[in-house]
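Colleague: Need a 3D model of the sequence below.
(one chain, ligands or ions: 1)
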Amino acid sequence: MKYADMTVRELEEVLRTEKARYAEYKSMGLNYDMTRGKPSLEQLALSDKMMNAEYFNGGRTYSGTDCRNYGGLEGIPEIRELFASIFGVPPSQVIAGGNSSLNIMYDLVSAFMLLGTGKGALPWTAQTDRLLSGEISFICPVPGYDRHFAITERLGIKMINVDISEDGPDMDRIEKLVKSDAGIKGMWSVPKYSNPTGVVYSDEVIERLARMKCAADDFRIFWDDAYSVHMLEGEPAKQKNLINACAEAGNPDRAYVFASTSKMTYPGAGVAAVASSASNIEWLKHIYTIQTIGPNKINQLVHANFLKDYDNLIIHMKKHADIMRPKFQCVADVLKEELGDSGVLSWSEPKGGYFISADTVYGCASQVVAMSRECGVLFTKAGSTYPYGKDPENKNIRIAPSLPPVEELRTAIHVFAVCVKICSAEILLAKKQK
Ligand SMILES: Cc1ncc(COP(=O)(O)O)c(C=O)c1O
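Modeller: Predicted coordinates for the structure are as follows:
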């Protein structure tokens with residue numbers, strides 16, 4: 001029965017029952033961490049063979065380069081080829097670096113602030129007095145990835161929320177915003193199996209992003225393809241290539257695409273890469289050449305030898321999917337069983353990625369997260385899926401089901417559901433008793 005249709009007495013009954021369940025869970029001394037999208041031990045073990053000597057190959061690439069020594073700013077050819085097959089661009093348009101794509105994104109935004117987006121371009125920070133609002137800003141599809149928002153917040157870039165729906169962000173709004181404000185210099189995006197909604201941007205959205213008229217000619221899209229091959233079943237979703245779409249639309253330098261092997265092999269020791277137009281890659285090399293003599297090529301080498309090529313990578317990712325699928329299914333089953341017809345929670349059922357996005361209908365996300373925490377079940381802080389940690393409706397909670405084993409996950413989601421029921425019933429009861 002829908003909570004909204006319940007009488008005061010029925011709501012009080014719900015509260016009595018659910019509070020008793022909550023007390024029981026609390027007495028169990030649970031300690032489950034679902035704050036971040038961390039691969040489980042079983043997933044990490046899929047890549048343990050990567051450390052075998054056969055993949056090290058004496059530290060030499062197939063062309064004989066000695067990876068133990070300095071050099072190779074753009075990464076070794078083997079790993080650039082592998083990333084190129086993921087990005088759908090030539091290897092010459094890829095730079096492979098250290099373990100973290102987030103690190104590349106942070107560096108890039110900082111470099112654009114201080115040095116500009118290319119040869120002869122004014123640094124973003126040097127443009128503020130020419131801009132109508134005097135502010136540099138970024139479009140932020142919401143709910144989104146907290147660490148993206150943290151980068152722009154830390155660097156003093158204003159963030160503009162744009163809602164995301166099943167096809168991707170609201171393009172009418174984005175087109176309108178970027179057309180008139182030259183201070184809007186960039187946009188964050190997780191285009192496939194998005195964090196946290198699981199949304200896959202449609203080809204139409206991608207074409208519009210490539211085509212749209214921007215008041216700022218140094219507007220850049222930060223296309224974080226972190227989950228490009230992270231399907232839960234079958235093959236990865238097909239998606240239009242943004243870099244090519246931008247080139248076709250006459251905006252060849254608009255997009256930077258990022259990915260890493262963090263959730264293919266080890267998040268603690270993966271390889272990250274960035275792809276873009278040929279001229280942007282030249283600009284990146286110009287920036288990197290002062291930052292470093294070269295990346296960790298040994299790690300790139302063992303990754304390239306272990307993952308081999310795109311087809312082999314997909315075989316490897318299917319093993320991840322086999323581990324992840326029952327976890328996503330478990331969350332979906334428990335939420336349906338507990339809250340299916342209650343009308344107090346809506347949630348995503350993604351086909352890939354690492355997250356399930358849940359919206360509390362009566363705006364009680366922070367209360368639910370706090371109550372769950374008291375019971376030993378940890379979720380990412382409420383609000384963190386929005387810029388500045390401020391969810392205007394206090395509704396969104398990100399569920400990261402990857403880390404706990406299925407049985408622990410089941411209990412954790414029951415606890416979560418109990419908290420959602422209690423918080424929602426209390427809000428409705430207070431409204432009815434007013
Ligand atoms: C969308 C997204 N981008 C990037 C990252 C982190 O990537 P990396 O480990 O390559 O820094 C994550 C991790 O959860 C993520 O969800």
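
Colleague: Ignoring the adjacent residues along the chain, who's closest to the residue nearest the centre of the chain?
Modeller: Closest residue to the average C-alpha location of the chain: residue 195 at 3.7 Å, with CA atoms, centre = their mean. The shortest distance from residue 195 to any non-neighbouring residue, by CB to CB, 6 or more residues apart in numbering, is to residue 145 (4.4 Å). The way it works is simple: take the backbone N, C-alpha and C, and place the C-beta from them, glycine included.

Colleague: Check residue 72 too.
Modeller: residue 294 (4.7 Å).

Colleague: Which positions in the helix of greatest length in the chain come out as buried?
Modeller: Longest helix of the chain, by residue count under DSSP state H: helix 310-339. For helix 310-339, burial by neighbour count (16 or more other CB atoms under 10 Å) applies to 313, 316-317, 320-321, 323-324, 327-328, 330-332, 334-335, 338-339.

Colleague: Look up which helix or strand the residue in the stretch 301-434 of the chain that the ligand sits nearest to falls in, please.
Modeller: Here the stretch 301-434 of the chain gets closest to the ligand at one residue, residue 354, 6.4 Å apart by CB to the nearest ligand atom. Using DSSP states H and E, residue 354 sits within no helix or strand.

Colleague: residues from the stretch 101-250 of the chain in reach of the ligand?
Modeller: 101-102, 145, 190, 195, 224, 226 (CB under 6 Å from any ligand atom).

Colleague: Just these: which are in helices?
Modeller: Reading helices off these with DSSP H, I get 101-102.

Colleague: Mind checking which of the residues of the stretch 101-250 of the chain next to the ligand are in strands?
Modeller: Within these, residues falling in strands by DSSP state E are residue 224.

Colleague: just to revisit the earlier point, list the residues that contact the residue nearest to residue 195.
Modeller: 188, 190, 195-196, 224, 385 (CB atoms under 8 Å, 6 or more residues apart in numbering).

Colleague: 10 Å instead, please
Modeller: 37, 102, 151, 188-190, 194-196, 224, 226, 355, 384-385, 398 (CB atoms under 10 Å, 6 or more residues apart in numbering).

Colleague: Need the residues that contact stretch 229-238.
Modeller: So stretch 229-238 is contacted by 37, 86, 191-193, 198, 200-201, 203, 227-228, 259, 263-264, 310, 313-314, 316-318, 320-322, 324-329, 349-354 (CB under 10 Å, 6+ apart).

Colleague: State the distance from the residue nearest to residue 339 when sequence neighbours are not counted to residue 10.
Modeller: Ranked by CB to CB, 6+ apart and with sequence neighbours excluded, the top spatial neighbour of residue 339 is residue 345, at 4.9 Å. Look at residue 345 and residue 10: by CB to CB, to the nearest Å, they are 18 Å apart.

Colleague: Looking at those two, which one has more neighbours?
Modeller: Using other CB atoms under 10 Å, the more surrounded residue of residue 345 and residue 10 is residue 345, with 23 against 14.

Colleague: For residue 350, grab phi and psi.
Modeller: Dihedral angles of residue 350 (phi, psi; degrees, to the nearest 10) stand at phi -70, psi 160.

Colleague: helix, strand or coil for the residue nearest to it when sequence neighbours are not counted?
Modeller: For residue 350, ignoring the flanking residues on the chain, the nearest one in space by CB to CB, 6+ apart is residue 198 at 2.3 Å. Following DSSP: H, G, I helix; E, B strand; the rest coil, the label given to residue 198 is coil.

Colleague: Check for me that residue 185 belongs to a strand.
Modeller: Yes - residue state for residue 185 (three-state DSSP) corresponds to a strand.

Colleague: Quick check, pLDDT for it.
Modeller: Looking at residue 185, its pLDDT is 97.

Colleague: repeat for residue 27
Modeller: 97.

Colleague: what does residue 98 give?
Modeller: 96.

Colleague: if we can go back for a sec, the buried residues of helix 310-339 also near the ligand: which ones?
Modeller: Okay, of the buried residues of helix 310-339, nothing touches the ligand (CB under 6 Å from any ligand atom).

Colleague: Can you get me a residue count around residue 41?
Modeller: Neighbour tally, residue 41, other CB under 10 Å: 9.

Colleague: Run a quick check on it versus residue 266, I expect a contact.
Modeller: No - taking contacts as CB atoms under 10 Å, residue 41 lies outside contact range of residue 266: 11.7 Å.
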